[in-house]
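> Kindly return the folded structure for what I paste below:
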Amino acid sequence: MRWLAALFLILAAPASAVAPIFAGGQWAALDRGNSCEAATRAVRIAEKGKVQARAGFAFDVSGPRHGQFFAQLSRMPRPGSTVILTVGDQPFLLAAGSGWAWSRDPAQEAAIIAAARSAGGMRIESRDQAGARFIDRYLLEGAATAIDAAAGRCATAKLAKSGRNP
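As a prediction, this is how the structure comes out:
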């Protein structure tokens with residue numbers, strides 16, 4: 001099952017070079033060259049022709065993202081609708097646009113990562129274009145290791161890029 005999650009994430013990724021770093025539980029860590037991510041797909045598999053919900057944490061080798069939470073939502077949220085991530089029992093208000101949601105700032109990112117390390121699951125809730133509530137659910141088994149692997153790979157790449165010996 002671990003390799004299946006990694007395979008899905010690699011196949012869902014853009015055609016650019018993607019190298020798996022880790023796959024465990026429901027999560028995989030991926031090296032995308034200038035960025036790394038720890039990612040998973042929603043528990044519910046999308047029907048053919050529908051968007052597969054996925055979520056993760058992004059790290060840049062030399063950019064602003066150092067654990068930014070992101071999610072591709074299963075449905076397009078209604079304009080003005082809130083998007084709430086709940087990790088365990090901790091809610092987080094996310095920024096959203098064009099079918100995606102993401103963390104608002106580094107403090108929120110750190111809080112989401114800390115919550116993900118101790119919770120068993122997370123969910124993202126919003127309202128779709130018709131006003132109907134939808135929920136994308138995720139398991140967190142393997143998340144902590146995938147986050148650490150992605151963060152470590154990008155930190156190592158950053159050191160190598162700066163000329164320091166990792």
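> low-confidence ranges in the protein?
1-16, 158-166 (pLDDT under 70).
> One more pass at 50, please.
Scanning the chain for pLDDT under 50 picks out 1-11, 15, 166.
> The residue nearest to Thr145 when sequence neighbours are not counted bridge partners, please.
Leaving aside its chain neighbours, Thr145 sits nearest to Gly24 (5.5 Å; criterion: CB to CB, 6 or more residues apart in numbering). C-betas here are computed from N, CA, C, even on glycine. Beta bridges link Gly24 to Trp27 when assigned by DSSP bridges.
> Check whether Gly24 really touches Ile147, as I assumed.
No - judged on CB atoms under 8 Å, Gly24 makes no contact with Ile147 at a distance of 11.3 Å.
> is it true that Ser126 lies in a strand?
Yes - judged by DSSP: H, G, I helix; E, B strand; the rest coil, Ser126 forms part of a strand.
> what sits against it?
73, 75, 77-78, 81-84, 96, 101, 133-134 (CB atoms under 8 Å, 6 or more residues apart in numbering).
> Ala155 now?
Ala155 touches Phe59, counting by CB under 8 Å, 6+ apart.
> Would you mind measuring from it to Phe59?
8 Å (CB to CB, to the nearest Å).
> again with Ala119
In this view, Ala119 and Phe59 are 21 Å apart by CB to CB.
> Those two: who's more crowded?
Applying other CB atoms under 10 Å to Ala119 and Phe59 shows that Phe59 carries more neighbours, namely 24 against 16.
> now the more buried one, what's its secondary structure?
Phe59 ends up strand, using three-state DSSP.
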